[in-house]
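Enquirer: Predicted model follows, preceded by the sequence.
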Amino acid sequence: MGRLSRRTFALASLSVLVTSGQARAVPGSRGRPAADGEMRGVWLATVVNRDWPSRTGLTAAQQRSELLAHLDRAVAAGLNTVVFQVRPCADALWPSPYEPWSQFLTGTQGKDPGWDPLGTAVTEAHARGLELHAWCNPLRVAMHTDPGKLTAAHPARRNPGWVMAYGGKLYYNPGLPEVRAFVQEAMLDAVAKYPVDAVHFDDYFYPYPVAGQVFDDDSAHAAHGGAFATRADWRRDNINRLVRDMAAGIRRTRAGVRFGISPFGVWRNAATDPLGSDTRAMQSYDDIYADTRRWVRENWIDYICPQLYWHIGNSAADYAKLVPWWAKVAEGSGTKLYVGEALYRAGDPAQAAAWQDPAELSRHLTLAARYAQVRGHVFFAAKEVAADPVGAMARVSAEHYGRASGVPVR
């Protein structure tokens, strides 16, 4: 489809009425007619204004208008879930007593934007028949390494021993029990205040490795790692504790709220571990200390959405090999499997030739449909749903989302 025809397609599919800023589902909506649907999600990223708001310093009315437009486009595309990043950098997109307002709203960390983005997103998503998953990055503090740039009252400045500089960013150290307790408390504030449908973690646990740099957690390891044979085992246990405790905290705070994680798509390579996938890629188990397979097999989380951001036939990590591997991991577990899809790569001239074909993503959904364990897909990200430069999302919608799905199966 050309740009005009894709826009016409989207507008024709949009089944909401918007009056004085309020929306309601209407007959024919692709919203919530049944409780047995697949996951059809989109990530809405706020870090460095990736998807929303389009820039810092917009008025509250402008920010709200942009947010509602993203929700409307999700409905138009036949989606049923928005995964909204509400804690991008140890901050908040709601009035939190624990952490400052996000700088990505006003340009100034801690400055009140004059409205409640998370509260609005939950209300307006539900009015459109969409689920709203509150996406939190648990450990990233800042996209720079200078604690002095944080607001004076920031917990990272009040507790400088909690913070590590690595790879050009600041992180909380998950090896400290007090850090894990604090970040959970801060995130659970959103669950306590709002009827979100799920809490969602992304793929950032220990930071992705940077050549020549060391994550210097010697003191934390000396204090807390004595029971473990290796530092790697201790680090994995720290992340396991964060995941298990967060799951328990969510259940304790609000019944019915799910907990999902979207990890890097490779657990371990088969050359490292016979249980691993037929891939030659970074390994979340070894490199960021995320034992994603165990979380599924032991039912610690409600859903997993591995980021399978490779094309079919990729030599290092083939989508066609990773989908059945994850399906086997999920088989017989209580953890739902969704697949994270790289919509952002479609039509990007810097990507492989496969991504220049508007049909590549649609082929992903066709392939994944062979595996009963795959219960849906989530697309990265909202900006590309809006732009859709080669019509990949429009093709997915036309070929796979022509029938209402209802909310994701619980």
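Expert: Right, received. Where do you want to start? Residues are numbered from 1 along each chain as shown.
Enquirer: can you pull the contacts of Asp217?
Expert: Met164, Asn173, Gly175, Arg231, Arg235 (CB atoms under 8 Å, 6 or more residues apart in numbering). C-beta: built from backbone N, CA, C; applies to glycine.
Enquirer: Could you tell me which of the residues you listed belong to helices?
Expert: Among these, DSSP state H puts Arg231, Arg235 in helices.
Enquirer: Farthest-apart pair in the contacts of Asp217, please.
Expert: Met164 and Arg231 (14.4 Å; CB to CB).
Enquirer: Look at the two and report which has more neighbours.
Expert: Taking other CB atoms under 10 Å, Met164 and Arg231 do not tie; Met164 has more neighbours (21 against 15).
Enquirer: wait, isn't Tyr344 in contact with Ala382?
Expert: No - the pair Tyr344 / Ala382 is not scored as a contact, 10.1 Å apart, by CB atoms under 8 Å.
Enquirer: if you count what's nearby, which of those two comes out ahead?
Expert: Counted by other CB under 10 Å, Tyr344 and Ala382 do not tie: Ala382 has more neighbours, with 28 against 20.
Enquirer: thought the more buried one was touching Val42?
Expert: Yes - with contacts counted by CB under 8 Å, Ala382 reaches Val42, the gap being 5.4 Å.
Enquirer: Need the residues touching each of those two.
Expert: Common contacts of Ala382 and Val42, defined by CB under 8 Å, 6+ apart, comprise Ala74, Val82.
Enquirer: which stretches of the stretch 251-400 of the chain form helices?
Expert: With helices called from DSSP state H, counting those that start in this stretch, the stretch 251-400 of the chain shows them at 284-287, 292-297, 319-330, 360-368, 382-387, 392-400.
Enquirer: need the ones you listed in a markdown table with distance to Val191, can you?
Expert: Shown next, in a markdown table, are the helices of the stretch 251-400 of the chain (distance: least, CB to CB, whole Å):
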| stretch | distance to Val191 |
| --- | --- |
| helix 284-287 | 25 |
| helix 292-297 | 19 |
| helix 319-330 | 25 |
| helix 360-368 | 30 |
| helix 382-387 | 23 |
| helix 392-400 | 30 |
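Enquirer: For Ala227, find the nearest of these.
Expert: helix 292-297 (18.0 Å).
Enquirer: Quick check: bridge partners of the closest residue in space to His126 that isn't next to it in sequence?
Expert: Distances taken as CB to CB, 6 or more residues apart in numbering place Leu132 nearest to His126, at 6.9 Å, with adjacent residues excluded. Listed beta-bridge partners, Leu132: Val82 (assigned using DSSP bridges).
Enquirer: isn't Leu132 right next to Ala125, touching?
Expert: Yes - judged on CB under 8 Å, Leu132 makes contact with Ala125 at a distance of 4.0 Å.
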